[in-house]
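Engineer: Here's my sequence, what's the structure:
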Amino acid sequence: MMQIKGVTNTQHPAVFIDRDGTIMQDVHYCKDPDLVELIPEARTSLKLLKNAGFRLVIITNQSGVGRGMMDVSDFDAVQNRLLELIGPDIIAATYMCPDLPDHINNRRKPSPMMVMEAVRDLDLDLNRSWFIGDKAIDVQCGMRAGVKPILVRTGHGHGADHVGAFFVAKDIASAAQFILREAGV
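Structural biologist: Numbering: from 1, shown residues only. Next up is the predicted model:
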C-alpha cells in the first residue's frame, strides 16, 4: 500500500465517486452498455488516484431499477461496460441503491449508508477520504459520511450551487488533481 503524507494507518483512504454525470456521461436511466461514454480524462484521473493509494468506490443511486424502467441485469451490463472502459483493477467496489426516494430504510444518497457499507467491507479511513459527484445529494452524502465532498460541473453539476462542497471542480480531472495536491502526492 502506498502511504499518503507518511501516514502508517492500515486503513485505506478512499475516493467515493458518483457514476452518472461524474465519470460517465449522464444518460437518463442508462440500461444500454453501448451508450456508456466516459467523461473526458476520467480513466486517467481514476488511475492517478488509485496509484496514489486511494481505493476508488462507486456510489450510485439507480432508481430506474426500482421504477421498473430497467432491471439489475441492465445495471450490471452498463456497469461492466464502464469498468471495461476504465480498465482492470481501478475500481475497488461499486455500491448501488435501486430504491425510490420514498422507500423506507432508504440507502439512497444523500444517506451515507452505502459509504458506511464500503468502509466496513474495504477497511477505509474516512478521515483521509473524499466524495466526488455532480449533484447536491452527492455533496450531502459526503458531508453526512464525514468525508470531504467535491462537486464537479459535469452532468447535473453544470449549473448547481456548490451546496457546501469542500471544492468545486470543472470535472473529474480537476477534482483528482485537487485531491492529489491536498494529500501531498
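Engineer: Let me see the mean pLDDT of stretch 24-35.
Structural biologist: The average pLDDT within stretch 24-35 is 93.
Engineer: And stretch 109-128, by the same measure?
Structural biologist: So the average pLDDT for stretch 109-128 ends up being 96.
Engineer: hey, which helix or strand in the protein has the poorest pLDDT?
Structural biologist: helix 63-66 (a mean of 88; mean pLDDT, DSSP states H and E).
Engineer: Show me what that helix is packed up against.
Structural biologist: If you count contacts as 3 or more CB pairs under 8 Å, 6 or more residues apart in numbering; DSSP states H and E, helix 63-66 packs onto helix 72-86. Every residue, glycine included, has its C-beta placed from N, CA and C.
Engineer: give the contact list for G21.
Structural biologist: 133-135, 152, 154-157 (CB atoms under 8 Å, 6 or more residues apart in numbering).
Engineer: And A77, by the same measure?
Structural biologist: 31-33.
Engineer: Which one (most neighbours) among those?
Structural biologist: K31 (18 neighbours; other CB atoms under 10 Å).
Engineer: Report the secondary structure element holding that residue.
Structural biologist: Assigned by DSSP states H and E, K31 falls within no helix or strand.
Engineer: and it, how far is that from A77?
Structural biologist: 8 Å (CB to CB, to the nearest Å).
Engineer: Over to I86?
Structural biologist: For I86 relative to A77 (CB to CB), the value is 15 Å.
Engineer: In a markdown table, list the contacts of A77 along with distance to N61.
Structural biologist: Listed next are the contacts of A77 as a markdown table, based on distance: CB to CB, whole Å:
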| residue | distance to N61 |
| --- | --- |
| K31 | 15 |
| D32 | 19 |
| P33 | 19 |
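Engineer: Model confidence at M143, what's the number?
Structural biologist: 96.
Engineer: Apart from its neighbours in sequence, what residue is nearest it?
Structural biologist: Nearest non-adjacent residue to M143, counting by CB to CB, 6 or more residues apart in numbering: P149, 5.7 Å away.
Engineer: Helices along the protein, start to end?
Structural biologist: For the chain, the helices defined by DSSP state H cover 42-51, 63-66, 72-86, 113-122, 136-145, 172-182.
Engineer: now the third one, how far from the centre of its chain.
Structural biologist: In other words, helix 72-86. Centroid separation for helix 72-86 versus its chain: 15 Å, with CA atoms, centre = their mean, to the nearest Å.
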